[in-house]
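Asker: Quick one: sequence and predicted model below, then my questions.
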Amino acid sequence: MKSSHQHISEKTKKFLSSLSEILVQVSSYLLMSSVLIMVALVFSRYTFKYSFPWAEELTRYIIVYMALFTCASVTHDNDHIRVNYFFDHLPSLMRYSIRLFFDICIFGTMVVWVTVGFDTAIFMKFMMSGGLGISMMWPYMAIPLSGILLGIFIIKNFIQDLTHPDRDAGKSPISE
């Protein structure tokens, strides 16, 4: 029988995987919508000699949200771009230590990212965008929202690194 701690852990893993999948889906829809908006803008511009004043601005905001949400999702799977050649040739204990160090550094960066992001979004609350006429708070909210998601996934990775130190190459870092 599984302990309640393992059950909660499995629920948490499932929730975070679902959250990551939702972020991928939302990012896919955002990418599709930005492409459709740009196609409509180009068509309108060259066919009717008319440009939608909001189209380019909205596309920029959509792409920012898409990129930051995708970044969070990739962090969940620990799939971000990196060169592993040298890392893979390090002793297991050193790889383990480096992973923990980077998790801590990234989490610290996310704390600053979220704090400064919220402050900036609130500061921009009364400024209006030129094309859409919306509060600039909404485009700037992409920063703290993605930072919170990244922070959650980094905490998950950190806990996973602490509880499964031997997850690379099937070796314990202590055994080398």
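Answerer: Ah, there it is.

Asker: Not counting residues beside it along the chain, what's closest to residue 143?
Answerer: Closest residue to residue 143 apart from its sequence neighbours, by C-beta to C-beta, 6 or more residues apart in numbering: residue 117 at 3.3 Å. Glycine gets a C-beta too; all of them are placed from N, C-alpha and C.

Asker: okay, the one you found: pLDDT?
Answerer: On the pLDDT scale, residue 117 is placed at 97.

Asker: who touches it in this structure?
Answerer: By C-beta atoms under 8 Å, 6 or more residues apart in numbering, the contact set of residue 117 is 140-141, 143-144, 147.

Asker: Can you list the low-confidence ranges for this protein?
Answerer: Applying pLDDT under 70 to the chain flags residues 1-8, 165-176.

Asker: residue ranges of the helices in this structure, please?
Answerer: Secondary structure of the chain by DSSP state H: the helices cover 4-47, 55-76, 85-88, 92-123, 137-140, 142-163.

Asker: Quick one: closest of these to residue 131.
Answerer: Comparison of the helices of the chain against residue 131 by C-beta to C-beta identifies helix 55-76 as nearest, at 3.8 Å.
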